[in-house]
Structure formats: C-alpha cells, structure tokens
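1. predicted model follows, preceded by the sequence.
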Amino acid sequence: MNNLIIGIAGGSGSGKTTLALRLKERFGEDEVRLISHDSYYKRHDELPFEERCKLNYDHPDAFDNDLLIEHLRELKAGSAIDCPVYDYADHNRSSEVQHIEPAPVLIVEGILPLAEPELCKLFDYKIYVDTDADERILRRILRDVKERGRSLDSVITQYRTTVKPMHEAFVEPSKRNADIIIPNGGENGPAIEMLAHHIRSLIQKANMQ
C-alpha cells in the first residue's frame with residue numbers, strides 16, 4: 001500500500017498529540033490514522049502496582065518497539081492491526097486493543113519515537129515539537145491530574161526523578177534526527193498548515209508512483 005509514515009516526537013506536554021490531531025483534522029476521516037507510542041509501553045503483569053509505579057517510563061527501554069515496528073510494517077503492507085491500549089492509572093497495558101485499518105497517512109506520536117533508529121528508518125517524515133520546559137511541566141500536571149487520575153505529588157516526583165533527566169538524556173537529543181522542528185506544537189497554526197500542504201503533496205506523489 002502506498003502510505004506515508006510520519007513520526008512526531010517531543011517532550012511530555014510539548015503539544016505533539018495536539019499537533020497530530022490538528023493535522024488529522026485537515027484530512028478526511030479515512031486518510032489518517034494516529035498511533036500513540038505510549039500504547040506500546042511494555043506489559044508488566046509480573047510486577048505489583050507499587051513496583052510498576054516506580055518504573056522509568058521515559059527511557060527508550062520502556063517501549064516494545066519491536067511490536068510497533070511489526071505493526072507499522074503490517075499497515076504498510078495493507079493489513080489491519082490490533083494496537084495495544086495502555087492504562088495510565090494502572091501503569092500497565094490493558095486487556096483491550098484498538099483495531100486500526102491501513103490508511104494513506106500513519107502518524108506515530110510520542111516522546112521517544114525519534115530515539116529508536118529502526119523506527120526512524122520506517123518514518124518517511126520526522127517531526128520534533130519544541131516547547132519551553134515551564135510550559136511542558138504545567139501541561140503535564142494539568143493532564144495527569146485531571147485526565148489520568150494521578151496525584152499532584154506523584155506527578156512532581158515523577159517529573160523530577162525520571163521525566164526531566166530522561167528528557168535531557170534521550171528526548172532532546174533525538175531532535176537531531178528530525179526533518180523539521182516545530183515550536184509550540186498544536187498551537188502553531190502556520191506550521192500546521194504548511195505541514196498539511198506538504199503531506200498532501202507527498203501523498204499525491206506516492207500515488208503517482
């Protein structure tokens with residue numbers, strides 16, 4: 001199948017998910033599929049909840065990239081996949097799956113997709129969302145407390161112990177692998193319009209081959 005795979009990376013709370021959604025809005029419902037890198041956090045049924053809370057979810061090793069790569073290859077070949085669903089409150093993969101059909105554009109977004117060389121090889125276009133650290137931590141606090149059932153203390157502790165140091169060690173350096181860097185993510189209207197136009201031209205070019 002002639003499809004385009006786009007990787008969108010950036011720090012936690014940078015606006016990368018919003019950017020992916022804004023891009024999807026510029027296309028028809030069946031033209032774009034969104035895949036969250038978070039869905040591919042490794043399953044840890046062997047650990048009790050208290051131990052799962054202590055895991056470092058901001059390190060590249062936290063992700064089952066082999067499964068994601070396999071799924072992207074299946075989608076590119078024209079086959080549907082059953083994407084894992086991650087439960088943020090339980091800190092583990094849930095028993096549910098999300099059925100995803102192939103589409104002309106596949107967008108993978110997360111903190112670390114550009115840090116994995118084998119994933120980068122699959123991406124036709126690599127985007128990094130660059131947002132100030134103060135803005136990112138505020139967004140993360142609001143999101144994790146309101147949407148993911150976390151306490152304020154746990155969010156701050158996790159940010160200090162893993163999120164910030166892992167951002168500096170792995171997320172920020174992955175910016176070097178990007179084809180384009182976008183400030184402020186989903187709030188950057190001109191960049192979204194430019195990207196949507198470019199993606200449309202890439203789809204048309206792929207269909208002509």
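-> Structure's in. What do you need?
2. how close does the nearest residue to residue 129 once chain neighbours are set aside get to residue 97?
-> Nearest residue to residue 129 in three dimensions, chain neighbours excluded: residue 10, at 3.3 Å (Cβ to Cβ, 6 or more residues apart in numbering). C-beta coordinates here come from the backbone N, C-alpha and C atoms, glycine included. Per Cβ to Cβ, to the nearest Å, residue 10 is found 26 Å from residue 97.
3. okay, these two: which has more neighbours?
-> When residue 10 and residue 97 are compared for neighbours, residue 10 comes out ahead with 31 against 13, by other Cβ atoms under 10 Å.
4. coming back round to it: is it correct that the residue nearest to residue 129 is in contact with residue 183?
-> No - judged on Cβ atoms under 8 Å, residue 10 makes no contact with residue 183 at a distance of 10.3 Å.
5. got a list of contacts for the longest helix seen in the chain?
-> When the chain is parsed with DSSP state H, its longest helix is helix 189-208. Helix 189-208 has contacts (Cβ atoms under 8 Å, 6 or more residues apart in numbering) with 2-4, 6, 19, 22-23, 26-27, 31, 104-105, 124-125, 127, 180, 182-183, 186.
6. now the residues you listed: which count as buried?
-> 3-4, 6, 19, 22-23, 27, 104-105, 125, 127, 182, 186 (16 or more other Cβ atoms under 10 Å).
7. got CSV for the residues you listed, with pLDDT too?
-> CSV is the format used below for the buried ones among the contacts of helix 189-208 (pLDDT from 0 to 100):
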residue, pLDDT
3, 86
4, 91
6, 95
19, 93
22, 91
23, 91
27, 89
104, 92
105, 93
125, 92
127, 95
182, 93
186, 75
